[in-house]
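Novice: A structural model of the following input is requested.
(chains A and B)
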Amino acid sequence: QKEVEQNSGPLSVPEGAIASLNCTYSDRVSQSFFWYRQYSGKSPELIMSIYSNGDKEDGRFTAQLNKASQYVSLLIRDSQPSDSATYLCAVNGGNYGGATNKLIFGTGTLLAVQP
Amino acid sequence: DGGITQSPKYLFRKEGQNVTLSCEQNLNHDAMYWYRQDPGQGLRLIYYSQIVNDFQKGDIAEGYSVSREKKESFPLTVTSAQKNPTAFYLCASIRTGRWDEAFFGQGTRLTVV
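Specialist: Below is the predicted model of the structure:
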């Protein structure tokens, strides 16, 4: 089982729709969860962090965390063509490979917002 | 302005050469990380350091070496033992503690010629 898993996509949504991105992680003791956006050829940009169960909203973005299910998601409301990018899920604070504080990334989901 | 600076942006290496990628941060972050990204892939952890003069191997450390002599600096050397070094290399720094968000430099694209 991969430590952090995401569907690779592409996930295609029409402009104005809600995009839903999902991520699961393997270590139950993980503490910190992040969503990064990466445009082609650029470095990742942090868009959301979440540390407690429940929802966290920031503008058009909502992160959802369910530690019991080891599941974290990102919702993007009113999707715009400029949201088209790869979205990376990252997890920290677990015990991956016997080491703590390894910030582990999923392989990313490619989102395409169609005008 | 505070941030993370990676240099160079592009780097070409001949077969059998060692090359060093620079990463400097002025965010006063304790932890620094190096990742490798191949086309269409996620980020794979090479090495990380949580304090000065200490570092740990990540998942793909073979063929790489690092040092952490100063809090601000975490250079990565790609040695000749790394058989397939062509990739996009990303450095990140993290403020350790409760709110441990990672911020990235702009990356170095290494190509073997």
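Novice: From residue B:61, how far off is residue B:81?
Specialist: 11 Å (CB to CB, to the nearest Å). The C-beta positions use only the backbone N, C-alpha and C, and glycine is treated the same way.
Novice: Between the two, point out the one with more neighbours.
Specialist: residue B:61 (16 against 11; other CB atoms under 10 Å in any protein chain shown).
Novice: for that one, what are its contacts?
Specialist: Shown in contact with residue B:61 (CB atoms under 8 Å, 6 or more residues apart in numbering or on different chains): B:46, B:47.
Novice: again, but for residue B:74
Specialist: Residue B:74 touches B:23, B:25, B:32, B:34, B:49, B:55, B:66, B:67, B:68, B:91, counting by CB under 8 Å, 6+ apart.
Novice: Would you list the buried entries among those?
Specialist: Neighbour counting with 16 or more other CB atoms under 10 Å in any protein chain shown marks B:23, B:25, B:32, B:34, B:49, B:55, B:66, B:68, B:91 as buried within these.
Novice: which residues does the nearest residue to the last one once chain neighbours are set aside bridge with?
Specialist: Taking CB to CB, 6 or more residues apart in numbering or on different chains as the measure, residue B:91 lies nearest to residue B:23, with 3.5 Å between them; neighbours along the chain are not counted. Under the criterion DSSP bridges, residue B:23 forms beta bridges with residue B:6.
Novice: which residue does chain A bring closest to chain B?
Specialist: In chain A, the residue that lies nearest chain B is residue A:107 (3.6 Å; CB to the nearest CB).
Novice: thinking again about what came up before, was I right to think the residue nearest to residue B:91 contacts residue B:32?
Specialist: Yes. Counting by CB atoms under 8 Å, residue B:32 is a contact partner of residue B:23 at 6.7 Å.
Novice: what touches both of these two?
Specialist: Residues within reach of residue B:23 and of residue B:32 at once, by CB under 8 Å, 6+ apart, are B:74, B:91.
Novice: returning to what we had before: contacting residues around the residue nearest to residue B:91?
Specialist: Residues near residue B:23 by CB under 8 Å, 6+ apart: B:4, B:5, B:6, B:32, B:34, B:73, B:74, B:75, B:76, B:91, B:105.
Novice: Kindly report the same for residue B:13.
Specialist: Neighbour list for residue B:13: B:19, B:78, B:85, B:110, B:111, B:112, B:113 [criterion: CB under 8 Å, 6+ apart].
Novice: Try it again at 6 Å.
Specialist: Residue B:13 sits next to B:19, B:112 when contact means CB atoms under 6 Å, 6 or more residues apart in numbering or on different chains.
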